[in-house]
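Enquirer: Provided below are the primary sequence and the corresponding predicted coordinates.
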Amino acid sequence: MKGLCQNDVLRCVMMILLCGYVLGKECTNTPTPLQSHTLRYEFEVSKNETWKQEILANYHHDHHLIPTDDSTWASLFPRKMLREESELNWNVVYRKFKHPGQFKLEGNFLKEVSLHDVRLDPESVHGLAEQTNLEYLLMLDVDRLVWSFRKTAGLPTLGSPYGGWEAPDVELRGHFIGHYLSATAHMWASTHNQALKEKMSTLVSALKECQDKMGTGYLSAFQSELFDRVEAIQPVWAPYYTIHKLMAGLLDQHTLAGNAQAVGMLKWMVEYFYNRVQNVIRTYTIERHWMSLNEEFGGMNDILYQLFSITGDPKHLLLAHLFDKPCFLGLLAIQADDLSGFHANTHIPVVVGAQMRYELTGDELYKEIGITFMDMINSSHSFATGGTSASEFWENPKWMGTYLHTETEESCTTYNMLKVSRNLFRWTKEVTYADYYERALTNGVLGIQKGTEPGVMIYMLPLGHGVSKGNSYHSWGTPSDSFWCCYGTGVESFSKLGDSIYFEEGGSSPALYVIQYISSSLDWKSGNILLTQRVDKVVSWDQHLRVTLIVTANHGSGTSTLNLRIPSWASSGAAVAHVNEEALTLPGPGKFLSISRSWNSGDKITLELPLGLRTERLVDDRPDYGSLYAILYGPYVLAGLSLGDHEIVTGSAKSISDWVTPVPAVYNSHLISLSQEAGNSRVFFSNKDQKIVMALAPEAGNHSAVHATFRLILGQSMSSSSPSSEEFSSLGDVIGKSVMLEPFDLPGMVVSHSGADKGLFIGKKDSATEFQVVKGLGGEDGTVSLESKSEKGCFVYSGQEVTLSCGSGSSKNAGFAKGASFVLEKGLREYHPISFVAKGETRSYVLEPIMNMRDEFYNVYFHISN
């Protein structure tokens, strides 16, 4: 067999692929430490040679072999023996027996609508996220991006290289440039920003110059020696991963931005790597090639299948097959949940590639692999956010409670899981996959940006108790010195937020599926109409999602169908829909509302969906974790502000609405902060460990801003269970009123004292918690003083500590008046429009969408009991 392979390697490869003559199989199952991107970077920059040698001592692929059933493995390949056709005719034969008459996708798949035809509402959450990302893409400098490419090609370098994972001494350098090519192509389609068009075209031309200089088709920011190490099964940081990103970026530049130069560069790259893989198989065996796939190689199979769908070149199809990881896909083919120990983001792209294989070949096995994988993740390896993985890996099924910490839900995995669910929806039209997409996008993507700061994102989404996005291993990245893998997928995600709102179905009467409710517009060319979708801002005090769709019909629009998703979460009440004034009969949750007619300009569809509160149990079948629940509001996962407490005792509450209640809109006008000047600094009246102190001015979005914000509870509502509905038109309205001060993150608790000259603390409501707001004793405009209602003549006073001071004869002196006067200003923190209070018998929590959290500390899972 080996002699035959050396003489006619490609014919031998095809025989092995087709017949399943596989002598040995191995697959990364028990991970080597260097599979973690985080650890790999630390390994590269570390000066600790002893530690590095210890890591390398464990780097041997024999440590992670698994058995795979031979017959199952063989079934992963085309299962008909072919005649001894030449390699160039192989694909033609393959097409003929799979698709007689023509090369055509099997199945009635929904089609993507072009991103060029979708525009986000710039004022929406998604529109603001897109704009923030656009600003970042425009900030980045082409010369700095291609610095290492020019260095590798032997061309003069301009400027200085970027840092982080794009630094010249990091083996993964170049990966972000591939992501940048994809992101700018999608962003160009989404916005048609001309400055971006010029920047990305300049980048492609610069890369072309590098490829031409090297002259072999090879294009990378590092020397090809890294691939020598891959093929020799030696430690190296995922060079094929980087090559996949570059290939995908060039293909996106071609398909989305019309750059003909890019596809030529891509085909030349593929020719180079086709020859490299061929040489490995000729020199060794095909098993040696598969062994090398135990390094992360991104979605090489996916990009090659996509390229084949454009070129029809059989080499591209064969090379795609060679990057299908059969030992991993084999487990899914036999529906075995053996994901534990696999590096998640190495293997999700393999599944995406397998899905593309199904679309091209019609092989039902690959459809089942995609469905099985999605079911495994959702049933055994998923958090409430839709995210998966802990510290980059999958662990034991239904043991998610073990992994509640800061290093959960790698952002890259969410990006790739969205691809899996999107494909499954296009194939099946099942609402459950659209629901998953909404959940993962809303909770796992929108919150990885730090507000509207361009180029500041997170690597992992923390899901533990008392965690913070800014207080994790990686914390927030920086625009020029991070460039983690999740920066690459992040800039892509925020460039294509419009790509899964609408899908279409052909036929004599075209149909459109509206699967995401995001304020946007669509120029639907197949239906010959312009559709404008407007989604009202979601709030906690009006528990409905309200959507309006307005039609502008072009001449000759004809009859078409609009299919509107009724989400599975819309089960807490009756949904309502109208076309113009006509009421429609709706299906139940988890189905589509179909409306067929000849549309006229001005036709309006209104849809009102109930947004119910619910709890979801953590995916963990061990009794010790049986009471851990997340709290959701429609698709929104609600995080509770907390430094670590996560107990909720609901007592006699009968339903969730008894113990989770909305924060009224008026409450934002009741939020205040109190400050004083202290030398050259400004200090704020703050809660620290249940005691009141004066703390330095916090940054916006920091948990210190939470601790320096208090809600004024007005006198008339102190003894009432109903909240005050009075809104302050200005902060001065509070002067002369009797109030209590409730810490922002401790609803139900208030600032209290235990008598004169004693410190202030946080406690339960009693007679010692009420204060009269008066004009500042120091006489300065905008200041107030707080006089105790129970200790007349005694005021809140900031000296060496914050106390209730009665002055003892010196209360009228200037020093006392200054210490008892505070600048009254709007609260440093506000309630999000989607805010609730989860009431427990011993502790209550403010709940907000996790996507809104920045540097605050929070919980996602609560121990809920009665």
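Expert: Yep, that arrived.
Enquirer: now the helices for the stretch 451-600 of the chain?
Expert: 485-493 (DSSP state H, counting those that start in this stretch).
Enquirer: How are the strands of it distributed by residue range?
Expert: 502-505, 511-514, 520-524, 529-535, 544-553, 559-566, 576-579, 582-583, 591-598 (DSSP state E, counting those that start in this stretch).
Enquirer: Can you name the element that comes right after the helix or strand hosting Asp658?
Expert: Asp658 is part of helix 656-659, with elements assigned from DSSP states H and E. The C-terminal neighbour of helix 656-659 among helices and strands, as given by DSSP H and E, is strand 660-662.
Enquirer: just the strands in the stretch 601-750 of the chain please.
Expert: Going by DSSP E, counting those that start in this stretch, the stretch 601-750 of the chain shows strands at 604-610, 613-617, 628-633, 636-641, 647-649, 660-662, 671-678, 681-688, 691-696, 710-714, 738-743, 750-752.
Enquirer: Give me the helices and strands touching the fifth one, please.
Expert: For strand 647-649, the helices and strands in contact under the criterion 3 or more CB pairs under 8 Å, 6 or more residues apart in numbering; DSSP states H and E are strand 861-865. Quick note: C-beta positions are derived from backbone N, CA and C, even for glycine.
Enquirer: Residue ranges in the stretch 1-150 of the chain under the pLDDT threshold?
Expert: For the stretch 1-150 of the chain, applying pLDDT under 70 flags the ranges 1-46, 51-107.
Enquirer: For the strands of the stretch 601-750 of the chain, give me TSV that also has distance to Ser785, mean pLDDT and mean neighbour count.
Expert: Shown next, in TSV, are these (distance: least, CB to CB, whole Å; pLDDT from 0 to 100; neighbours: other CB atoms under 10 Å):
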stretch	distance to Ser785	mean pLDDT	mean neighbour count
strand 604-610	47	97	20
strand 613-617	41	97	16
strand 628-633	40	98	22
strand 636-641	29	98	26
strand 647-649	37	95	20
strand 660-662	33	97	21
strand 671-678	10	95	19
strand 681-688	12	95	19
strand 691-696	15	95	18
strand 710-714	15	94	23
strand 738-743	12	95	22
strand 750-752	14	95	22
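Enquirer: hang on, Glu359 packs against Lys111?
Expert: No. Taking contacts as CB atoms under 8 Å, Glu359 lies outside contact range of Lys111: 11.6 Å.
Enquirer: And those two? Which one has more around it.
Expert: Counted by other CB atoms under 10 Å, Glu359 and Lys111 do not tie: Glu359 has more neighbours, with 20 against 11.
Enquirer: so the helix or strand containing that one versus helix 485-493, what angle?
Expert: According to DSSP H and E, Glu359 maps onto helix 344-361. Relative orientation of helix 344-361 versus helix 485-493 (axes from the mean of the first three to the mean of the last three CA atoms, to 10 degrees): 40 degrees.
Enquirer: and helix 344-361, what does it pack onto?
Expert: helix 300-311, helix 314-322, helix 326-333, helix 364-380, helix 411-428.
Enquirer: I'd say Asp745 and Leu671 touch.
Expert: No. Using CB under 8 Å, Asp745 is not in contact with Leu671, being 11.9 Å away.
Enquirer: Skipping adjacent residues, who's closest to Ala257 in space?
Expert: Ala185 (4.8 Å; CB to CB, 6 or more residues apart in numbering).
Enquirer: these two touch, right, Glu726 and Leu712?
Expert: No. If you go by CB under 8 Å, Glu726 and Leu712 don't touch, sitting 10.0 Å apart.
Enquirer: sorry, back to before: where does the helix holding Glu359 sit relative to the chain's centre, distance-wise?
Expert: Averaged C-alpha coordinates place helix 344-361 at 20 Å from its chain's average position (CA atoms, centre = their mean, to the nearest Å).
Enquirer: Which residues belonging to that helix are considered buried?
Expert: Buried residues in helix 344-361, counted by 16 or more other CB atoms under 10 Å: 344-361.
Enquirer: now swap in stretch 788-795 and tell me
Expert: Here stretch 788-795 shows 788-789, 791, 794-795 as buried, counting by 16+ other CB under 10 Å.
Enquirer: Going along the chain, name the helices of the stretch 151-300 of the chain.
Expert: Counting by DSSP H, counting those that start in this stretch, the helices of the stretch 151-300 of the chain are 175-191, 194-214, 225-231, 239-257, 260-283, 286-292, 300-311.
Enquirer: With respect to burial, which of these scores highest?
Expert: helix 175-191 (a mean of 26; mean count of other CB atoms under 10 Å).
Enquirer: any idea of the angle that helix forms with helix 239-257?
Expert: Using the same axes, to 10 degrees: helix 175-191 against helix 239-257 is 20 degrees.
Enquirer: Please save the CA atoms from helix 175-191 in PDB.
Expert: C-alpha atoms of helix 175-191 as PDB (Å, rounded to 0.1, in the frame of the first residue of the first chain):
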ATOM      1  CA  HIS A 175      -4.900  35.700  12.600                       C
ATOM      2  CA  PHE A 176      -6.500  39.000  13.400                       C
ATOM      3  CA  ILE A 177      -5.800  40.300   9.900                       C
ATOM      4  CA  GLY A 178      -7.800  37.400   8.500                       C
ATOM      5  CA  HIS A 179     -10.700  38.300  10.900                       C
ATOM      6  CA  TYR A 180     -10.200  42.000   9.900                       C
ATOM      7  CA  LEU A 181     -10.700  41.100   6.200                       C
ATOM      8  CA  SER A 182     -13.900  39.300   7.000                       C
ATOM      9  CA  ALA A 183     -15.200  42.000   9.400                       C
ATOM     10  CA  THR A 184     -14.500  44.800   6.900                       C
ATOM     11  CA  ALA A 185     -16.200  42.900   4.100                       C
ATOM     12  CA  HIS A 186     -19.300  42.300   6.200                       C
ATOM     13  CA  MET A 187     -19.200  45.900   7.500                       C
ATOM     14  CA  TRP A 188     -18.900  47.200   4.000                       C
ATOM     15  CA  ALA A 189     -22.000  45.200   3.000                       C
ATOM     16  CA  SER A 190     -23.800  46.400   6.100                       C
ATOM     17  CA  THR A 191     -23.000  50.200   5.800                       C
END
